[in-house]
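Participant: After the sequence you'll find the predicted model.
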Amino acid sequence: MTRATRRGTAGRAGRKEIPGTAHDAVMAVDAVLAEYLDARLHEAHEVDAVSAREMAGRVAEFVQRGGKRLRTAFVWCGWRAAGAGGDLRTPLRIGAALELVQACALIHDDVMDGSPVRRGAPTVHADFARLHRAGGMNGSEERYSIAAAVLAGDLALAWADDLFTDTALTSAYGRQLHREWRALRGEMVAGQYLDLRAQAVGSSAEDEAVNVATLKSALYTVERPLALGACLAGAGTSTVEALRSAGRCAGLAFQLRDDLLGVFGDPAVTGKPADEDLRGRKLTYVLALAVRFAAESGDAEAVVALRPGKVTRSDDEVSRMRAALERTGARSAVEAEIARLSALSMRHFGDSGADHHVQEQFASLLERAVGTAPARSEEDDA
């Protein structure tokens, strides 16, 4: 999508026209991001041309490279569920700030995991390594690329905070918005650290896997965006709590699906390798279930394949781990849990008082996020 097209979308979704669907909001936020990033790049060039080109430019390019913009869509759902009050551009700006937080998280996550590919292209640290080689720079290529990527993630977070703060200051509900934002950042960092720690100690605990998934992804992907959107519209306590419950269930289902894609997904579709979580034995819910199921069933081969100990694993060992996740029934159990959480999320969202159109939009968005349509209860058909 060209920059001119993005700006045109912003004009159509400006103050006089509410984005009619979550998809419209996603399209519109690209224009908000393009406008905001243009301004930040201009400022960066005024400070220093080299850092603007090599650092700020890479961050801006990464943010605009793609992504599902799920957080923006969930902000829109929360805002519409609560009545869509206030300035129509505000939820788009909050969504844009969340996309910048997501960029920070992905850049840093890729450094921690040593991932070479993201969104179908080299990760930011891999691109900095290429820059180091091409420029014939001195010193360690690895240290340079990691340090530069950490700074790039920090810059994305700084831009996110600036955009959010500017937006919240113009809102009558700025204090409530700030509480959600502050919690979101703290939860995300805590979850990322617990993920790193669980991998380092070789944990196989199911409750720990759920806690990591909740803090690292579920809260900041769905629950907090829904609550931010609701706060923008001045929602009451009961509405916000219903949306929180819906968001927590949907967010956990999303992370469980992401875990499965990290093992069984097609890299051509996901834009990232399908063996990194297994190669580093990252603690996920599907791994934790497989460890328990293997022990309970006496599957000695699976127990050996899944046990902690090795820092990295060979292709053959990764294949045996993947087979164990299937054979123990862990993959099927996670699929069932995703379906249960999705259905529960829809029931909670209905309790928010959102109209039928917004509920349909949330259901469509949930299906997109978790890969399967949420089951409808008999009450839904009544």
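Facilitator: Received the coordinates, thanks.
Participant: which residue lies farthest from the center of the chain?
Facilitator: residue 298 (36.5 Å; C-alpha atoms, centre = their mean).
Participant: Please report phi then psi for that residue.
Facilitator: Main-chain torsions, residue 298, degrees, to the nearest 10: phi 70, psi 30.
Participant: Next one: it from residue 328, what distance?
Facilitator: 11 Å (C-beta to C-beta, to the nearest Å). (Each C-beta comes from the backbone N, C-alpha and C, glycine too.)
Participant: now swap in residue 96 and tell me
Facilitator: In terms of C-beta to C-beta, residue 96 sits 42 Å off from residue 328.
Participant: And the helices in the stretch 151-300 of the chain?
Facilitator: 174-201, 206-213, 224-232, 237-264, 267-270, 276-279, 285-297, 300-306 (DSSP state H, counting those that start in this stretch).
Participant: how about low-confidence regions in the stretch 251-382 of the chain?
Facilitator: 271-272, 375-382 (pLDDT under 70).
Participant: Closest to the centroid, which residue in the protein?
Facilitator: Centre-nearest of the chain using C-alpha atoms, centre = their mean is residue 221, 5.1 Å out.
Participant: so that one touches residue 73, yeah?
Facilitator: No. Applying C-beta atoms under 8 Å as the test, residue 221 and residue 73 come out as separate, 10.6 Å apart.
Participant: Between the two, which contacts overlap?
Facilitator: Here residue 221 and residue 73 share no contacting residue, scored by C-beta atoms under 8 Å, 6 or more residues apart in numbering.
Participant: wait, what's in contact with residue 361?
Facilitator: Residue 361 makes contact with 21, 22, 76, 77, 80, according to C-beta under 8 Å, 6+ apart.
Participant: Can you get me a residue count around residue 330?
Facilitator: The number of residues packed near residue 330 is 26, by other C-beta atoms under 10 Å.
Participant: So it sits against residue 286, correct?
Facilitator: Yes. Counting by C-beta under 8 Å, residue 286 is a contact partner of residue 330 at 5.1 Å.
Participant: Which of residue 96 and residue 328 has more residues huddled nearby?
Facilitator: residue 96 (29 against 25).
Participant: That one and residue 232, how far apart?
Facilitator: 13 Å.
Participant: Mutual contacts of these two, please.
Facilitator: With C-beta under 8 Å, 6+ apart, residue 96 and residue 232 have no common neighbours.
Participant: Tell me how many other residues crowd the closest residue to residue 216 other than its chain neighbours.
Facilitator: Nearest non-adjacent residue to residue 216, counting by C-beta to C-beta, 6 or more residues apart in numbering: residue 191, 2.9 Å away. Residues within reach of residue 191, counting by other C-beta under 10 Å, total 22.
Participant: Tell me, what's the model's pLDDT at residue 191?
Facilitator: We have a pLDDT of 95 for residue 191.
Participant: That one: what's it in contact with?
Facilitator: 211, 212, 213, 214, 215, 216, 217, 219.
Participant: ok, and the most crowded of those residues?
Facilitator: residue 212 (28 neighbours).
Participant: got any ranges where the stretch 51-200 of the chain has weak pLDDT?
Facilitator: In the stretch 51-200 of the chain (pLDDT under 70), no residue qualifies.
Participant: can you map out the strands along it?
Facilitator: Taking DSSP state E, counting those that start in this stretch, the strands of the stretch 51-200 of the chain run over residues 117-118, 121-122.
Participant: strand partners of the first one, parallel vs antiparallel please.
Facilitator: In the sheet containing strand 117-118, the strands it pairs with under DSSP bridges are strand 121-122 (antiparallel).
Participant: which one of the contacts of residue 191 is nearest residue 164?
Facilitator: residue 219 (16.3 Å; C-beta to C-beta).
Participant: pLDDT at the closest one, what is it?
Facilitator: For residue 219, the predicted pLDDT is 95.
Participant: Please name the residues that touch the closest residue to it other than its chain neighbours.
Facilitator: Spatial nearest neighbour of residue 219, chain neighbours left out: residue 187 (4.8 Å); criterion: C-beta to C-beta, 6+ apart. Counting by C-beta under 8 Å, 6+ apart, residue 187 touches 215, 219, 220, 224.
Participant: For residue 187, give its distance to residue 92.
Facilitator: Going from residue 187 to residue 92 by C-beta to C-beta gives 23 Å.
Participant: How about residue 282?
Facilitator: 34 Å.
Participant: more crowded one of those two?
Facilitator: Higher neighbour count among residue 282 and residue 92: residue 92, with 27 against 19, using other C-beta under 10 Å.
Participant: Does the helix or strand harbouring residue 26 pack against any helices or strands, and if so which?
Facilitator: Assigning secondary structure by DSSP states H and E places residue 26 in helix 22-47. Applying 3 or more C-beta pairs under 8 Å, 6 or more residues apart in numbering; DSSP states H and E, we find helix 22-47 packed against helix 3-12, helix 57-64, helix 70-81, helix 90-113, helix 141-169, helix 356-370.
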